[in-house]
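Engineer: Kindly generate the corresponding structure for this input.
(one chain, ligands or ions: 2)
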Amino acid sequence: MADCIFCKIAAGEIPSTTLYEDADVRVIFDIAPASLGHAVILPKTHAANVFELPDETLQKAALVAKKVGAAMVEAFHSDGLNVLQNNGEAAGQTVFHYHVHLIPRYHDDGVGITWKQGSADGALLKEKADLIARLVK
Ligand code: 5GP
Ligand code: ZN
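Structural biologist: Ligands and ions are numbered 1, 2, ... in the order given. Just a heads-up that it's a prediction; the model follows:
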């Protein structure tokens, strides 16, 4: 897509430090990292979010997250790794080209991927579970 920064980076039109590249994806370091080593997996074809992404690319991104994520943990000697992905502004998405975050985690690193525990409405959730089961079929 013409005006998409991640399309340009994925295509190599804008230079970036590349950790991994193949025919389908490029993995680069995030420009504003949450932690040391924070990287993003960029498919080379444009899709705004997970719902627009072809299944094969989604599968590929998951495999790359596992393979490159493991190498990152080793290279940065991190204690853990968050693999996460935002869809929609309300979910924190700011660049509307599908990408997967690989965020190395270190004990007491202060990275704020957390939430306050709420309470569940059992009856509502049962209704929604039935609806979702019908929608997914
Ligand atoms: P989102 O909030 O959409 O899930 O994540 C977008 C991420 O892309 C952010 O972590 C942001 O720092 C990163 N980012 C935005 N523009 C650029 C860029 O030009 N280069 C790189 N390497 N990362 C970028
Ligand atoms: Zn794009």
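
Engineer: only C-alpha atoms for contact and neighbour calcs from this point on.
Structural biologist: Will do.

Engineer: Can you give me every residue that contacts Gln93?
Structural biologist: Asn86, Asn87 (Cα atoms under 8 Å, 6 or more residues apart in numbering).

Engineer: so which helix or strand takes in it?
Structural biologist: Using DSSP states H and E, Gln93 sits within no helix or strand.

Engineer: so Ala47 touches Asn87, yeah?
Structural biologist: No: using Cα atoms under 8 Å, Ala47 is not in contact with Asn87; the gap is 11.1 Å.

Engineer: Name the helix or strand for the residue of the chain most remote from its centre, please.
Structural biologist: For the chain, the C-alpha farthest from the mean C-alpha position belongs to Ala123; by Cα atoms, centre = their mean, that distance is 32.0 Å. Using DSSP H and E, Ala123 sits within helix 122-136.

Engineer: In CSV, list the C-alpha atoms belonging to that helix.
Structural biologist: Output in CSV follows, covering the C-alpha atoms of helix 122-136 (Å, rounded to 0.1, in the frame of the first residue of the first chain):
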residue,chain,number,x,y,z
GLY,A,122,-21.2,-16.0,34.0
ALA,A,123,-24.7,-15.7,32.4
LEU,A,124,-23.6,-13.2,29.9
LEU,A,125,-20.5,-15.1,29.0
LYS,A,126,-22.4,-18.3,28.5
GLU,A,127,-24.8,-16.5,26.1
LYS,A,128,-21.8,-15.1,24.2
ALA,A,129,-20.0,-18.4,24.1
ASP,A,130,-23.1,-20.0,22.5
LEU,A,131,-23.3,-17.1,20.0
ILE,A,132,-19.6,-17.3,19.2
ALA,A,133,-19.7,-21.1,18.7
ARG,A,134,-22.5,-20.5,16.1
LEU,A,135,-20.6,-17.7,14.4
VAL,A,136,-17.3,-19.6,14.1
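
Engineer: Many thanks, I have nothing further to ask.
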